[in-house]
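In: Provided below are the primary sequence and the corresponding predicted coordinates.
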Amino acid sequence: MDDKALKELRARVCLKAGLSSVTSWDCKFLSEEISKSTKKMISATTLKRFFGLVAVKYKLSKYTLSILEEYAD
C-alpha cells in the first residue's frame, strides 16, 4: 500500500472512530472498537505503528491492513 493510500485509510479509521487525531491513549480504545466491530484483534501497539506514533521497523501485514479496511468501511 502506498503512502497516499495509507494516509487515506488512517483518515477513514479516524472518521469511523470519531477521532480528529490519534494519541497513544486512543490506540487502546481503537483496538477495542475494531475488535467489537470486526471480531478480529489488532493490538494497540500495532495501531501506534499504523498511525506513526512509534517507529516502524517493517511494513504492516496485509492481514492488519485488511482488518483496518474492513473496520473503516
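Out: Good, I have the coordinates. Numbers count the residues shown, from 1 in each chain.
In: which residue of the protein sits farthest from its center?
Out: Residue farthest from the centre of the chain, counting by C-alpha atoms, centre = their mean, is Lys57 at 16.5 Å.
In: Need the per-residue pLDDT for the residue nearest to the spatial centre of the chain.
Out: Residue closest to the average C-alpha location in the chain (C-alpha atoms, centre = their mean): Leu47, at 4.7 Å. We have a pLDDT of 96 for Leu47.
In: now it, what's its secondary structure?
Out: helix (DSSP: H, G, I helix; E, B strand; the rest coil).
In: Then Ala55?
Out: Going by three-state DSSP, the secondary structure assigned to Ala55 is coil.
In: so what's the nearest residue to it once chain neighbours are set aside up against?
Out: Leaving aside its sequence neighbours, Ala55 sits nearest to Arg49 (C-beta to C-beta, 6 or more residues apart in numbering; 7.9 Å). C-beta coordinates here come from the backbone N, C-alpha and C atoms, glycine included. Contact analysis of Arg49 by C-beta atoms under 8 Å, 6 or more residues apart in numbering lists 55-56, 60.
In: now Met1
Out: Taking C-beta under 8 Å, 6+ apart, we find Met1 in contact with 9, 60, 65.
In: how about the helices in the protein?
Out: Remark: helices assigned in the chain by DSSP state H are 3-17, 24-38, 44-50, 62-72.
In: Mind exporting the C-alpha coordinates of the third one to PDB?
Out: In PDB, the C-alpha atoms belonging to helix 44-50 read as follows (Å, rounded to 0.1, in the frame of the first residue of the first chain):
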ATOM      1  CA  ALA A  44      -2.800  -1.100  20.500                       C
ATOM      2  CA  THR A  45       0.900  -1.300  19.600                       C
ATOM      3  CA  THR A  46       0.200  -2.200  16.000                       C
ATOM      4  CA  LEU A  47      -2.200   0.800  15.800                       C
ATOM      5  CA  LYS A  48       0.600   3.000  17.200                       C
ATOM      6  CA  ARG A  49       2.800   1.800  14.300                       C
ATOM      7  CA  PHE A  50       0.000   2.400  11.800                       C
END
